[in-house]
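Colleague: need coordinates for the following:
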Amino acid sequence: MLRTPQALIPYIVALGCIAAGGLWYEAQQNSGPRVLTVGTPQVGGPFSLVDQNGQRKTDADFHGRWMLVYFGYTNCPDVCPTTLALMSEALKQLGARANLIVPVFVTVDPAHDTPRALKQYLASFDARFVGLTGSEQQIAAMAREYKVYSVRRRLKDGGYAIDHSSVVCLMGPDGKFIAVYDNSQTPEQIAADLRKRL
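Modeller: Numbering: from 1, shown residues only. All right, here's what the predicted structure looks like:
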């Protein structure tokens, strides 16, 4: 039986769909294993350091409290003070609810950042800040737990700078990682997210 070109259109469409399906299946078979990401990043862990008042602080001292944890150093020219100011303003936006959170500043420059240096530095920010320092080994161990990168480099003028991660980790009352913030967000945005979680 002779068919007109218009009558053949449904058959052509059906063949096209079958061919497309075959090509998709072939691509799936040859694309290699697929990676599915689930769960929570393994960030955080035990630590034992000294605060800006010379008191020993461990992770157990913060259980039951929310923590905003930031790694930096007091000689940092711009990123650290900007981030600590961001954290301070976000806490201010929370009002009385900010008392549920401990903002924590961990130095990546323990040779310079003594408890006294931390105390002087943190006086410019929210009064709730806890500054932590310790030996090079202790700081390195905590940095590994929090997946923080830091590398010291010498400058031409004889000084130094430390390249480091610049994110703020929100840790829950159980010590588990909850979220991360950075300088791309405003204090209002961070405070709004914290309100939903507290």
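Colleague: list the contacts of Ala85.
Modeller: When contacts are counted by CB atoms under 8 Å, 6 or more residues apart in numbering, Ala85 touches Phe125. From N, CA and C alone the C-beta is placed, and that goes for glycine too.
Colleague: SS state for it?
Modeller: Classification of Ala85 using DSSP: H, G, I helix; E, B strand; the rest coil returns helix.
Colleague: tell me, please, the helix or strand in the chain that averages the lowest pLDDT.
Modeller: helix 5-30 (a mean of 46; mean pLDDT, DSSP states H and E).
Colleague: for the protein, what spans make up the helices?
Modeller: 5-30, 79-94, 115-122, 136-145, 187-197 (DSSP state H).
Colleague: ok, residues contacting the fourth one?
Modeller: The set of residues that contact helix 136-145 without belonging to it, under CB under 8 Å, 6+ apart, is 43-49, 71, 106-108, 110-111, 132-134, 149-150.
Colleague: try 6 Å
Modeller: For helix 136-145, the external contacting residues (CB atoms under 6 Å, 6 or more residues apart in numbering) are 45, 47, 49, 110.
Colleague: just the last one next, same as before
Modeller: Contacts of helix 187-197 with the rest of the structure, by CB under 6 Å, 6+ apart, involve 86, 89-90, 93-94, 181.
Colleague: which one (most neighbours) among these?
Modeller: Scoring the contacts of helix 187-197 on neighbours with other CB atoms under 10 Å, the highest-scoring entry is Ala90 at 26 neighbours.
Colleague: what pLDDT does Phe105 get?
Modeller: Turning to Phe105, the model gives it a pLDDT of 98.
Colleague: number of nearby residues for the nearest residue to it once chain neighbours are set aside?
Modeller: Among residues not flanking Phe105 along the chain, Gly131 sits closest, at 4.9 Å (CB to CB, 6 or more residues apart in numbering). Applying other CB under 10 Å, we find 25 residues neighbouring Gly131.
Colleague: could you do Gly159 as well?
Modeller: 8.
Colleague: check Gly54 too.
Modeller: 11.
Colleague: do the same with the one 5 residues further on
Modeller: The burial count assigned to Asp59 is 17, neighbours taken as other CB under 10 Å.
Colleague: which ones are touching it?
Modeller: 46-47.
Colleague: redo that, cut-off 7 Å
Modeller: 46-47, 175 (CB atoms under 7 Å, 6 or more residues apart in numbering).
Colleague: who wins for neighbours among the contacts of helix 136-145?
Modeller: Among those, Leu49 has the most neighbours (other CB under 10 Å), with 24 neighbours.
Colleague: in the sheet, who's paired with it?
Modeller: Lys57 (DSSP bridges).
Colleague: likewise for Val180?
Modeller: Where Val180 sits in a bridge, its partners, by DSSP bridges, are Cys169.
Colleague: quick one: low-confidence parts of the chain?
Modeller: Applying pLDDT under 70 to the chain flags the ranges 1-41.
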